Every structure is written in C-alpha cells, then in structure tokens.
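In: Sequence and predicted model, in that order:
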Amino acid sequence: MIKVKLGIDNIDENILLFQGKRVGLITNNTGYNSEFKSTIDIFNEKTDLNALYSPEHGIRGYIQAGEIVENYIDESTGIIVYSLYGKNKRPREEILNDIDILVFDIQDVGARFYTYLYTMAYAMESCRDFNKEFVVFDRPNPINGQEVEGNILNEEYSSFVGRYPIPQRYGLTIGEVANLFNDEFAIGCNLKVIPMKNWERTMYYEDTGLNWIMPSPNIPSVDTSVVYTGTCIFEGTNISEGRGTTKPFEIIGAPWLDSYEIANIMNNMDLEGVKFRPLFFVPTFSKHSGELCKGIQIHVTDRKKFKAVKTGLFLYDIIRKASGDKFEFNIPIVNKSKYGIDLLTGDSGAREGKDSINKLYDIWEIRSGKYKVLKEKYHIY
C-alpha cells in the first residue's frame, strides 16, 4: 500500500506562501501530519503563527456537540485561540487584524451537516471581506470521493448544519468542497488548496495507510462515518442516535421500542450491504441517559453496496410508525423556526410524510443527479 501524503505533509513545497506573512490557523485535534506532528507545532516552527481559531468541539477536540467554545490561550504555544463556535461563527474583522493569511486544516467526514464545512465557508467569506488569503490543506474524504447520496438542501432550510444546496453525502475532499463553495456559491475569496499525494477517489480512510483520529467526540471510527450521513437525522427526533454509547450513529433506539420487531422489519427489506441486530443499551449521556433503550445496531456488511441515507430514511420511517404518539421532533435551540430534522434532511418532506418513503428517496436521488455532474468540475484527483 502506498501511503497517502496529506496536504500538511507538503508544507515545505509550499512554504513560500507563508514567508513574510502573519499566519492564522483554524484546526482541531485532527490537525496532525502523517507522522503525528501537530499542525499547530508545524506552523509555529515554520511560520509567523499569530492566532489560532477554534471550531465546534474546540481546538483540541474535547468539547461535546453544541457546547459553547470561548476564547482562551493555548497552553502549549501561548497563542490566543479565538472561538468560531458560539455567538460569532463568522470571523470578525478585529480577530483577523493580526494576520495576513488564514489556514484551514481539519479532517472532514463527508457529510453535509458536519459543522466544520461552514466554519470554513464563513472564514472564506471573512477573508474575502477583509482582504486576507485563505489556504486549505487537503485531507481525504473518509467515505470515498465518488459516492453521492441524499437530498439537495432547499436553501430555505439553510443553517449551520447545512448552508448550501449539496446532498447529505457529497463525495468531495474538504479542499474540493472549498473550491466548489468559492465558485458555485459566489464566495470569491483568494483561495489556495494544497493537495494530497497518492489519494484516489475510491479510497475509504483505511485504504490511505493513515491512522484515524477522531474528528469529533461522537465520530470514533471510520465505521461511524460510513453510517453518519444516514442516521444523523435521528438527532432531529427524541430517538437516541447512540450518543452516550461506544457506537454512536451505529446504534439507534428508545425505551419504548421492540428491538426484535424493528430488526426483523429492517432485515426483511433486504437493503443491500447491511444487516440489523436487536440491541439493548443504556446511554451514559444525551437522550434517555441512564434509561434502558431498545433498538438496533447497524452492521455494514458491504460498503460498496450500502446506502447510508436510504438506510437511515427507511429506519426513521419504521421507528416513527412503531413509536406512535411517543415519537417527537426536536426544534433546535439555534433556529426555533425550523424543525431539526428539516435542517438535517434539507426540507420538510421526511417530517411531513406526504410521499411514501420509497417515493421520497427516489425524489432525493433525482435531485442529487445534477450535483453528481457538477461536482466533477471540482475533482482535484
């Protein structure tokens, strides 16, 4: 196996970009090169690193989903860390005054609702507005750069878990996404993407020869990323998506469900590349913390055939019907005018249930067809 070289592994070939410039860096706990040297240390040694910027979960990745990140001083470098998750998700002019160039180096998971995408987009807009260069060090899409699946976001449902009309599984690297955002959605910043070497579009993360680092507390493995584009929709409901267990997003359930019934119904659908096992679990935090939940674990048997979005949508439909009046939709704190599941799926179709679940999925697939053609314009590899 030829090991993939990350964008950050190629910094020396691009060091002229940073000479004589004050550097700002957006990163988190995934910001390491392939030899486990942190991006923060690399930039601190090789450039004039003046400021750090923290996305959701903090610059070291220890803060749970949704928790506010405050400004603070990074202990290892003594450099100020400005929060980009909380009241000010868009970098303000005053926190960019001491830099000339802003760098982004974060591992993505290939899902539209992962907030790091929009931290990047907001930063790109601020760099355009305040005349700063923006550089993205590219990293692999852990669930490959080919497959596309899911609904195209209706922009009426734009939020920090989905700003632009792309599908739930978008099949691009983070650098390719930056180029697409910059051109298709008229950001127009001074953007430079530092590409990887040896990466191929068919690769899952295990194929890269790189070691997996959790991009956030509830994405512990590549297996989680594989199902996440489908089962994250349960965040918009009162059904546990497995937070507080060792298999978040692979384990789904609630105290009132019949595990065996749900598993049997799902297995009888004969969805390709996946099996469902009855499961009992007690979340240690988040929904139904400390309660016995009954549900299923999703076992992906063939990633090439598995359709995460289809699986998540069909499972949602079965659990909603089985739950009766115990099933509820959550309204997010940050946007009380929209249901959480609408923001995650991209519109109100799944919640309103006007179409059969089969028809709804077919509609989603038709909508994503044009995007499949569009995204090829932005393939670096």
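Out: Yes, it's here. Numbers count the residues shown, from 1 in each chain.
In: ok, now which ones touch Asn144?
Out: Gly110, Gly171, Arg201, Thr202, Met203, Tyr204 (Cβ atoms under 8 Å, 6 or more residues apart in numbering). C-beta coordinates here come from the backbone N, C-alpha and C atoms, glycine included.
In: Which one of those residues is nearest to Leu315?
Out: Gly110 (19.6 Å; Cβ to Cβ).
In: which strands and helices sit next to the lengthiest helix in the chain?
Out: In the chain, assigned by DSSP state H, the helix with the most residues is helix 357-375. Here helix 357-375 is seen to pack against helix 174-184, helix 308-323, helix 349-352 when contacts are counted using 3 or more Cβ pairs under 8 Å, 6 or more residues apart in numbering; DSSP states H and E.
In: quick one: low-confidence parts of the stretch 1-150 of the chain?
Out: In the predicted model, the stretch 1-150 of the chain carries pLDDT under 70 at residues 57-58, 60-70.
In: All the helices of it, residue numbers only.
Out: 39-46, 116-129 (DSSP state H, counting those that start in this stretch).
In: Of the contacts of Asn144, grab the buried ones for ChimeraX.
Out: Typed into ChimeraX, the line below selects the buried ones among the contacts of Asn144, using 16 or more other Cβ atoms under 10 Å:
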select :110,171,201,203,204
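In: Out of the contacts of Asn144, which is nearest to Tyr122?
Out: Nearest to Tyr122 among those: Gly110, at 19.9 Å, using Cβ to Cβ.
In: which residues in the stretch 101-250 of the chain form strands?
Out: With strands called from DSSP state E, counting those that start in this stretch, the stretch 101-250 of the chain shows them at 101-105, 133-137, 190-194.
In: Pull the distance from the last one to the chain's centre.
Out: Spelled out, it's strand 190-194. 21 Å (Cα atoms, centre = their mean, to the nearest Å).
In: for the record, mean pLDDT for that strand?
Out: What strand 190-194 shows for mean pLDDT is 98.
In: Asn268: which of the helices of the stretch 1-150 of the chain is closest?
Out: Closest among those, using Cβ to Cβ: helix 116-129, at 36.2 Å.
In: roughly how far is the closest one from the heart of the chain?
Out: Per Cα atoms, centre = their mean, the centroid offset for helix 116-129 relative to its chain is 16 Å.
In: about what we covered before: indicate which one of the helices and strands packed on helix 357-375 is closest to Ile59.
Out: Between the helices and strands packed on helix 357-375, helix 174-184 lies closest to Ile59; by Cβ to Cβ that is 17.0 Å.
In: Is the closest residue to Ser240 other than its chain neighbours in a helix, a strand, or coil?
Out: Closest residue to Ser240 apart from its sequence neighbours, by Cβ to Cβ, 6 or more residues apart in numbering: Lys287 at 4.5 Å. Each residue gets one of three states, and Lys287 gets coil by DSSP: H, G, I helix; E, B strand; the rest coil.
In: and the helices and strands packed on helix 357-375 as a markdown table, adding distance to Thr301?
Out: Output for those, formatted as a markdown table (distance: least, Cβ to Cβ, whole Å):
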| stretch | distance to Thr301 |
| --- | --- |
| helix 174-184 | 29 |
| helix 308-323 | 12 |
| helix 349-352 | 25 |
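In: TSV for those helices, including distance to Ile341, mean pLDDT and mean neighbour count?
Out: Converted to TSV, these look like this (distance: least, Cβ to Cβ, whole Å; pLDDT from 0 to 100; neighbours: other Cβ atoms under 10 Å):
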stretch	distance to Ile341	mean pLDDT	mean neighbour count
helix 174-184	23	98	22
helix 308-323	8	98	21
helix 349-352	5	97	18
